[in-house]
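Q: no sequence for this one, just the structure:
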């Protein structure tokens, strides 16, 4: 009989159910990091595979062969070298799969899992839509995330009424085709704290709205923090991400950013992370798991108490 340690795990396709991204690898990683034991993770995995109808990739399917080829390249050249080579050509498609390709690569990096890095990069190639970047345009002003987002949302007000229902990535792509999109974005000069500014804007918007698209914006911002050090051209990746981020924000209805005082009541009663993570690890909802894990991880870096509020609100702690 094959021992448990010798079991070959199935390799699932990156999408299921008509262009929906498989969250299983990220959810299992998040559960482990939040303290869920092996038995709990196995229960989550079994129910997720059945509920989503994940499809096992055959050995000769193009997606699996592409993953294997990229995995072998990582083994030869190292993950840092491969990422530095791949990211410039992938930057314009950073919104791929509603940021799920970027997120999958980031989890692979964080877990030192080259199979997952390869899976994420292959998925990124397959589903990327061109967000466009103006690499030759001179920077107009120092980047201010809140101000830049306010300006972009005002200029793109009309586009919200033209968006049809659909997947997040489809709505993001539609925003980028608007004639005013490039002018609304401008050409900001990104600096060392630009991503931290974006993170601060994101957690406030998400905490206020619990919006599903803004959840993806928060997990994507977390992912970019992990991936960005591997980019040969940091400004290119940041510029592309900001464009995709604004497209996502507008597609979510461009909610106004609240003042911190709005959260005062919840700040006074929000529990510490231990209680929040315990609730999250008991959930079979992959988005609850990832929301809590992302907020916890970002709080560890930025020390912003609104991450606990955002997590508590999303997992309906109160």
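A: That came through, no problem. Just so you know, these numbers come straight off a predicted model, no measurement behind them.

Q: tell me, what residue is most central in this protein?
A: Geometric centre of the chain, nearest residue: residue 220, 2.5 Å, by CA atoms, centre = their mean.

Q: where does the protein dip in pLDDT?
A: Within the chain, the segments meeting pLDDT under 70 span 1-8, 134-140.

Q: residue contacts, the residue nearest to the centre of the chain?
A: Neighbouring residues of residue 220 by CB atoms under 8 Å, 6 or more residues apart in numbering: 99, 102-103, 241, 244-245, 248. C-beta coordinates here come from the backbone N, C-alpha and C atoms, glycine included.

Q: helix or strand for it, which one?
A: Using DSSP states H and E, residue 220 maps to helix 212-227.

Q: quick one: the helices in the stretch 201-318 of the chain?
A: 212-227, 234-251, 264-269, 273-281, 286-302, 306-314 (DSSP state H, counting those that start in this stretch).

Q: right, so of the ones you listed, which gets closest to residue 47?
A: For residue 47, the closest of the helices of the stretch 201-318 of the chain is helix 286-302, at 10.4 Å, according to CB to CB.

Q: Let me know the angle separating the closest one from helix 273-281.
A: Calculated by axes from the mean of the first three to the mean of the last three CA atoms, to 10 degrees, helix 286-302 forms an angle of 150 degrees with helix 273-281.

Q: Please point out which parts of helix 286-302 sit buried.
A: Neighbour counts over helix 286-302 (16 or more other CB atoms under 10 Å) mark 286-299 as buried.

Q: just to revisit the earlier point, can I get the helices of the stretch 201-318 of the chain in JSON lines with distance to residue 70?
A: Below are the helices of the stretch 201-318 of the chain laid out as JSON lines (distance: least, CB to CB, whole Å):
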{"stretch": "helix 212-227", "distance to residue 70": "16"}
{"stretch": "helix 234-251", "distance to residue 70": "19"}
{"stretch": "helix 264-269", "distance to residue 70": "44"}
{"stretch": "helix 273-281", "distance to residue 70": "31"}
{"stretch": "helix 286-302", "distance to residue 70": "24"}
{"stretch": "helix 306-314", "distance to residue 70": "33"}
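
Q: how distant is the helix or strand where residue 83 lies from the center of its chain?
A: Secondary structure assignment for residue 83, by DSSP H and E: helix 79-90. Centroid separation for helix 79-90 versus its chain: 18 Å, with CA atoms, centre = their mean, to the nearest Å.

Q: Count residues in the vicinity of residue 38, would you?
A: Look at residue 38: counted by other CB atoms under 10 Å, it has 9 neighbours.

Q: and it, what does it touch?
A: No contacts exist for residue 38 under CB under 8 Å, 6+ apart.

Q: do that again at 10 Å, thanks
A: 31-32 (CB atoms under 10 Å, 6 or more residues apart in numbering).

Q: now it: how far from residue 27?
A: To residue 27, residue 38 is 14 Å away according to CB to CB, to the nearest Å.

Q: elements contacting the host helix or strand of residue 197?
A: Following DSSP H and E, one finds residue 197 within helix 194-209. If you count contacts as 3 or more CB pairs under 10 Å, 6 or more residues apart in numbering; DSSP states H and E, helix 194-209 packs onto helix 145-155, helix 212-227, helix 234-251, helix 286-302, helix 306-314.
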